[in-house]
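Trainee: Pasting the sequence and the predicted model now:
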Amino acid sequence: MRCTKPFDNERCAALSRDCHAVRRPGTGRVDGPFNYPYNVSHMSTQPTLGTFEQLVLSAVLALGDDAYGVSIHAMTETLSQPKRPSLGAVYATLDRLEDKGLLGSRLSDPTPERGGRSKRFYRLEDAGKQALREAAGTAQRIVDVVRQHLGGNLGFVAPCNSR
């Protein structure tokens, strides 16, 4: 049945849309786009990072000027132990992070040991540094809650020293 609540109809009119909220018979609940209203202008414009993207950004940060595909893959393997990410997954993630503006890249001069091919080196852009800081802050809050409620050692392995 069609929603007849004035709030929903006013809201629909304000958005210049048809009201799609529907009252569920016998429940008193209204289902539709207005159950959980939110304002898009309050949502973050920062791209969200998945766990693997955080690992790849961390690897680029740790490697500094030496961050190219194979070395990033090796560092990502170290950071994600015991999991072993594929080289293809790392390259796809590097492309995605570059598209998001979190990484930049440059090509090196061709070298004879690479058959005259260039290496693509990656660097963290300011947006990538900020996204990584935010992700690290979130991870720290999670660790604090887990430690508070589960206590003791979380089973972390000592961090690697990349340099």
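Mentor: That came through, no problem. On a predicted model such as this, the values are computed, not experimentally measured, just so you know.
Trainee: Quick check, pLDDT for residue 89.
Mentor: Residue 89 is assigned 97 on the pLDDT scale.
Trainee: so when I look at it, I'm seeing a helix, right?
Mentor: Yes. With DSSP: H, G, I helix; E, B strand; the rest coil as the criterion, residue 89 is part of a helix.
Trainee: for it, what are its contacts?
Mentor: residue 52 (Cβ atoms under 8 Å, 6 or more residues apart in numbering). Yep, even glycine has a C-beta here, placed from its N, CA and C like the rest.
Trainee: in whichever helix in the chain runs longest, what counts as buried?
Mentor: In the chain, assigned by DSSP state H, the helix with the most residues is helix 126-150. Buried residues in helix 126-150, counted by 16 or more other Cβ atoms under 10 Å: 127, 128, 131, 132, 135.
Trainee: I'd like those laid out as CSV, including distance to residue 69.
Mentor: As requested, these are arranged in CSV below (distance: Cβ to Cβ, whole Å):
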residue, distance to residue 69
127, 21
128, 17
131, 21
132, 19
135, 22
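Trainee: Check those against residue 102 and report the nearest one.
Mentor: Proximity of the buried residues of helix 126-150 to residue 102 was ranked by Cβ to Cβ; the top entry is residue 128 with 3.5 Å.
Trainee: So what's the residue count around residue 96?
Mentor: Neighbour count of residue 96, defined by other Cβ atoms under 10 Å: 16.
Trainee: about what we covered before: ok, so of the buried residues of helix 126-150, who is nearest residue 58?
Mentor: Nearest member of those to residue 58, counting by Cβ to Cβ, is residue 132, at 6.8 Å.
Trainee: which residues does that closest one contact?
Mentor: 49, 54, 57, 58, 61, 124.
Trainee: Quick check: the third one touching residue 49?
Mentor: Yes. Because the distance of 7.1 Å satisfies Cβ atoms under 8 Å, residue 57 is recorded as touching residue 49.
Trainee: which residues do these two both contact?
Mentor: With Cβ under 8 Å, 6+ apart as the test, residue 57 and residue 49 both reach 131, 132, 135.
Trainee: quick one: which of those residues is nearest residue 147?
Mentor: residue 135 (18.4 Å).
Trainee: And the pLDDT at that closest one?
Mentor: In the prediction, the pLDDT value recorded for residue 135 is 94.
Trainee: quick one: the residue nearest to it when sequence neighbours are not counted from residue 103, how far?
Mentor: Excluding the flanking residues, the one nearest residue 135 by Cβ to Cβ, 6 or more residues apart in numbering is residue 54, at 4.8 Å. Distance of residue 54 to residue 103, given as Cβ to Cβ, to the nearest Å: 13 Å.
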